[in-house]
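Trainee: after the sequence you'll find the predicted model.
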Amino acid sequence: MTPETTHDVVVVGGGGAGLAAAIEASASARDVVLLEKNPQLGGSTAWSIGSVTASGTPHQARKGIVDTAEAHWRDMAGFNGDLDSRDNAALRRVLADEMPDTFRWLLEHGVRFYGPMPEPPHTVPRMHNVLPNSRAFITHLAKAARRAGVAIQRGARATALFVEHGRVVGVDCETAGGPRRFRARGGIVLAAGDFTSDPELKARFMGPQEAKIEGVNVTATGDGQKLALPLGARVVNGDLALGPELRFIPPQRRNVLLSLPPWRMLANLMAWSLDHMPSALLRPFLMSFVTTALAPSPALFAEGAILINKRGERFSDELDNPAFALPDQPDKMGYILLDKRMVALFSAWPHFISTAPGLAYAYVDDYRRNRSDIFNAGATLDALASRLAMPAAVMAATVRAHNASAGNRPLLGEGPYVALGPVRAVFVHAEGGLAVDHEHRVLGAHDLPIPGLYAAGSTGQGGLLLKGHGHHLGWAFASGRRAGRNAALACRSADAVPRA
């Protein structure tokens, strides 16, 4: 017989949405357990750039910026373009309305931000960047969860939902000690992220080529969606995702900025420094982040760079979504080839290799200094091919063939040459979340709520479009808090009384 324990609320997923749900549920429920399949908490929140977009923040007030949730809700539609008809405007309203309080809630738990930064089509600056890095969210919220008495079970992978009398009442898990069931008197919150790294769901909702492309977070395998689908739930906007896009492979060692401890004093010092220290002093520090975690600009290809595989062959039209073709190449890797003219061009504004919005821009020399592992140079194509262990004759033939058919694109000219890479194709996040109502209850047959089941974050995105920086994290925290509160209120046992 499977061992089981009974709790007021069970939360599946230990990222930003799951921690927010557990913390808020604990305010109304005595016994909350959070289940995380990985050895450590974090989810996609820990992999993120760390931006949170919100209105009515203290940071805006200090800069004299007048902003409202209504304006935020309205401006978000400006990101949608032709997809606007597919947006869930009601959930967008929930996000915009909840963010002022959610942002203050994050501050109360020790998270610190720099900003706000402008990001059109937002009509005022709303994007706030976490300090010192995105691990700060997990560190501070995990501490808050433990202080609130949340039991955190790591290494517990949810495999199925347990239903009695038409109500979801438990989660079956695989743990190091074997199968185990976690029952809930009130509600179960699914907050297990998206399915960017699940070939099955990507093939089902996106396509066979997308199924070959990895996600930034390799453990984002759509566990929450998979748990709910057998109960009649449905995925909304499953074909939409940020990506695929090219990303440089990460360094073997975490850089200084991404390794900084999330101490409150350090974050406050960083915020002061960003406002007061000369940019020349800050720039080397910021470059350690901008050259590590971000994508190369597509402008590289518009200005004449070409993408080659490890054999020195050009395999796609670089101006037509080359990330889709990269998974079919050897080791799914490629290199961006620049000539002398392009190296000079991408050494100064406005031609940058990568950028962190509102913080900094990285140019060729920044990659030369900070990412020697992906920076290769050669005075001639033969010399560069030798450094990359590529056949020199093949690389030379590739350049000749490209120049002969380049049309209006700039030709690849004389050296010295630079190859940036390897690059890989990745999905940053997927938009496909379970359909939910205004209270974050998962919808089943005939769009009726499935009793006892809630979803938050990417798992419960519900058709909401989250384009622009800072909206995915904002939704994770805002929807997690609401789903956790609602799951706690659903407790039907007399044992689940609110704390005095």
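Mentor: Looks like it arrived, so ask away. Residues are numbered from 1 along each chain as shown.
Trainee: going forward, measure contacts between C-alpha atoms and count neighbours the same way
Mentor: OK.
Trainee: what comes up buried for the one helix or strand residue 477 maps to?
Mentor: With elements taken from DSSP states H and E, the one containing residue 477 is helix 471-489. Neighbour-count burial for helix 471-489, counted by 16 or more other C-alpha atoms under 10 Å, picks out 471-489.
Trainee: what about the residue nearest the centre of the chain, distance to residue 68?
Mentor: Centrality entry for the chain: nearest residue to the mean C-alpha point is residue 48, 4.6 Å, by C-alpha atoms, centre = their mean. Using C-alpha to C-alpha, to the nearest Å, one gets 26 Å for the distance from residue 48 to residue 68.
Trainee: repeat for residue 325
Mentor: As for residue 325, its distance to residue 68 is 43 Å (criterion: C-alpha to C-alpha).
Trainee: compare the two (neighbour count), which wins?
Mentor: residue 325 (19 against 16; other C-alpha atoms under 10 Å).
Trainee: quick check, the more buried one in contact with residue 315.
Mentor: Yes: distance between residue 325 and residue 315: 7.5 Å, which falls inside the contact criterion (C-alpha atoms under 8 Å).
Trainee: hey, what's in contact with both of those two?
Mentor: Common neighbours of residue 325 and residue 315 (criterion: C-alpha atoms under 8 Å, 6 or more residues apart in numbering): none identified.
Trainee: list the buried residues in stretch 132-150.
Mentor: Going by 16+ other C-alpha under 10 Å, stretch 132-150 has these buried residues: 132-145, 148-150.
Trainee: that should have said stretch 160-167, apologies.
Mentor: Those would be 160-162, for stretch 160-167 by 16+ other C-alpha under 10 Å.
Trainee: TSV for those, including pLDDT?
Mentor: As requested, the buried residues of stretch 160-167 are arranged in TSV below (pLDDT from 0 to 100):
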residue	pLDDT
160	98
161	98
162	97
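Trainee: so of those residues, which ones are in helices?
Mentor: Using DSSP state H, no member of those falls within helices.
Trainee: export these to a markdown table and tack on distance to residue 330?
Mentor: As requested, the buried residues of stretch 160-167 are arranged in a markdown table below (distance: C-alpha to C-alpha, whole Å):
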| residue | distance to residue 330 |
| --- | --- |
| 160 | 37 |
| 161 | 40 |
| 162 | 43 |
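Trainee: report the backbone C-alpha coordinates of the longest strand along the chain in CSV.
Mentor: In the chain, taking DSSP state E as the definition, the longest strand is strand 178-190. C-alpha atoms of strand 178-190 as CSV (Å, rounded to 0.1, in the frame of the first residue of the first chain):
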residue,chain,number,x,y,z
GLY,A,178,9.6,5.0,-3.2
PRO,A,179,6.0,5.9,-4.2
ARG,A,180,4.1,8.2,-1.9
ARG,A,181,0.8,10.0,-1.9
PHE,A,182,0.2,13.5,-0.6
ARG,A,183,-3.5,14.2,0.1
ALA,A,184,-5.0,17.7,0.3
ARG,A,185,-8.0,18.6,2.4
GLY,A,186,-8.4,21.9,0.5
GLY,A,187,-6.7,22.3,-2.9
ILE,A,188,-3.8,21.2,-5.0
VAL,A,189,-1.8,23.9,-6.9
LEU,A,190,0.0,23.0,-10.0
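Trainee: got the angle between it and helix 471-489?
Mentor: Interaxial angle, strand 178-190 versus helix 471-489 (axes from the mean of the first three to the mean of the last three C-alpha atoms, to 10 degrees): 100 degrees.
Trainee: so residue 139 belongs to a helix, correct?
Mentor: Yes: assessed by DSSP: H, G, I helix; E, B strand; the rest coil, residue 139 belongs to a helix.
Trainee: do you know how far the nearest residue to it once chain neighbours are set aside is from residue 102?
Mentor: On the basis of C-alpha to C-alpha, 6 or more residues apart in numbering, the spatially nearest residue to residue 139 that is not a chain neighbour turns out to be residue 262, at 7.1 Å. Residue 262 sits 19 Å away from residue 102, taking C-alpha to C-alpha as the criterion.
Trainee: determine the number of other residues adjacent to the spatially closest residue to residue 379 that is not a sequence neighbour.
Mentor: Distance criterion C-alpha to C-alpha, 6+ apart; nearest residue to residue 379, sequence neighbours excluded, is residue 416 at 4.0 Å. Residue 416 is surrounded by 17 other residues when neighbours are defined as other C-alpha under 10 Å.
Trainee: got the contact list for residue 416?
Mentor: With contact taken as C-alpha under 8 Å, 6+ apart, residue 416 is in contact with 339-340, 377-380.
Trainee: can you tell me which of those are in helices?
Mentor: Among the contacts of residue 416, the members that lie in helices (by DSSP H) are residue 340.
Trainee: out of the contacts of residue 416, which are buried?
Mentor: Judged by 16+ other C-alpha under 10 Å, buried ones among these: 339, 377-378, 380.
Trainee: and the closest residue to residue 171 other than its chain neighbours, what does it touch?
Mentor: Take residue 171 and drop its neighbours on the chain: the residue closest to it by C-alpha to C-alpha, 6+ apart is residue 161, 4.6 Å away. If a contact means C-alpha under 8 Å, 6+ apart, then residue 161 has 168-172, 227-228 as its contacts.
Trainee: distance of the spatially closest residue to residue 457 that is not a sequence neighbour relative to residue 456?
Mentor: Excluding its sequence neighbours, the residue lying closest to residue 457 (C-alpha to C-alpha, 6+ apart) is residue 476, at 4.0 Å. Distance, residue 476 to residue 456, by C-alpha to C-alpha: 7 Å.
Trainee: what touches both of those two?
Mentor: Overlap of the contact sets of residue 476 and residue 456 (by C-alpha under 8 Å, 6+ apart) consists of residue 17.
Trainee: backbone phi and psi for the residue nearest to residue 333 when sequence neighbours are not counted, please?
Mentor: By the measure of C-alpha to C-alpha, 6+ apart, the closest residue to residue 333 outside its immediate chain neighbours is residue 424, 5.1 Å from it. Its backbone dihedrals place residue 424 at phi -130, psi 160, with angles given as degrees, to the nearest 10.
Trainee: list the buried residues of stretch 340-351.
Mentor: Neighbour-count burial for stretch 340-351 flags 341-343, 345-347, 351 (criterion: 16+ other C-alpha under 10 Å).
Trainee: quick one: the strands in the stretch 151-300 of the chain?
Mentor: With DSSP state E, counting those that start in this stretch as the criterion, the stretch 151-300 of the chain has strands at 151-154, 157-164, 167-175, 178-190, 214-215, 235-236, 241-242, 245-248.
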